[in-house]
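Peer 1: Sequence first, predicted coordinates after that:
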Amino acid sequence: MTITKAACVGRPRGFDIDLALEQALNVFWRNGYEGTSINELTEVMGIKKPSLYAAFGNKEQLFLKAIELYENRPDSLFNTAFKHEHIADVFRGLLFGAAAKFTDCSHPQGCALINSTLSCTEASESIKQAVMVRKGLHRQQLIARFEQAKDQDELNTNCQPEVLARFISILLQGMSIQASEGASIEELQQVASMAVDGMLALYVNH
């Protein structure tokens, strides 16, 4: 989507909203929400402050739009994993997918949603709460998928969907932090393999 309105103060003649959001996302992803300044955003996005405010509102609104873009990508971790029909492949898709995506060198390491608010203070409480809501939605998606698998007799009666969803959420957060601290794909794959093997042995009907 490209805006080509008449030029005004601080606004370029043509300005690609989606590209600007991608650029902003990478800055938030790398530096965290509080570690990112408006000046850095405008420099990376190639626009002036009035253009940023006119197109996105303020820093908080820009961040939320950038995270929405990140979450809604067709190849996002959850979108990709949930395409699988069998629950064992969903487990693999989530954890091995995380190992690959969190260590992908084409963007900052780890998960943008997790990394961006790790060091937020009370000054950014509204951002922390917005991210917590998104994490809660992810957990609800996992619970619903595990309940479905249990109803279809793919998961046995020992499986507690809420506990399993929390386990995977904790694993993903830990893998993201490890990736941002330099863990390799091979190291995260070892963790993924151990977790998947354990879940298959404990919960999956064969």
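Peer 2: Perfect, thanks for sending it. Since this is a predicted model, take the numbers as computed values, not measurements.
Peer 1: Sort out which residues of the lengthiest helix in the chain are buried, please.
Peer 2: Ranked by residue count, the top helix of the chain under DSSP state H comes out as helix 125-151. By 16 or more other Cβ atoms under 10 Å, the buried positions in helix 125-151 come out as 127-128, 130-131, 135, 138, 142-143, 145-146, 149-150. Where C-beta positions appear, they are placed from N, C-alpha and C, glycine not excepted.
Peer 1: next one: stretch 90-105
Peer 2: 90-99, 101-103.
Peer 1: With respect to Asn156, which of those is nearest?
Peer 2: Nearest to Asn156 out of these is Phe91 (Cβ to Cβ; 14.2 Å).
Peer 1: Name the residues that touch the host helix or strand of that closest one?
Peer 2: Using DSSP states H and E, Phe91 falls within helix 87-102. For helix 87-102, contacts defined as Cβ atoms under 8 Å, 6 or more residues apart in numbering pick out 77-78, 80-84, 109-111, 145-146, 149, 154-155, 168, 171-172, 175-176, 179-180, 185, 188-189, 191-193, 195-196, 199-200, 204.
Peer 1: Check the residue most central in space within the chain and give its pLDDT.
Peer 2: Nearest to the mean C-alpha position of the chain, by Cα atoms, centre = their mean, lies Leu113 at 4.1 Å. pLDDT, Leu113: 90.
Peer 1: Could I get the contacting residues of it?
Peer 2: Shown in contact with Leu113 (Cβ under 8 Å, 6+ apart): 67, 70-71, 131, 134-135.
Peer 1: that older thread, what angle do helix 125-151 and the helix holding Phe91 make with each other?
Peer 2: Helix 87-102 runs at 150 degrees relative to helix 125-151, counting by axes from the mean of the first three to the mean of the last three Cα atoms, to 10 degrees.
Peer 1: now whichever helix or strand comes after helix 87-102, how far from the centre of its chain.
Peer 2: Using DSSP H and E, the next helix or strand after helix 87-102 towards the C-terminus is helix 112-115. Centroid displacement of helix 112-115 relative to its chain, using Cα atoms, centre = their mean, to the nearest Å, is 6 Å.
Peer 1: could the buried residues of helix 125-151 go into TSV alongside pLDDT and distance to Gln61?
Peer 2: Shown next, in TSV, are these (pLDDT from 0 to 100; distance: Cβ to Cβ, whole Å):
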residue	pLDDT	distance to Gln61
Ile127	90	11
Lys128	88	16
Ala130	91	11
Val131	90	14
Lys135	92	20
His138	94	22
Leu142	97	28
Ile143	97	30
Arg145	97	31
Phe146	97	34
Ala149	97	37
Lys150	96	39
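Peer 1: Thanks a lot, see you next time.
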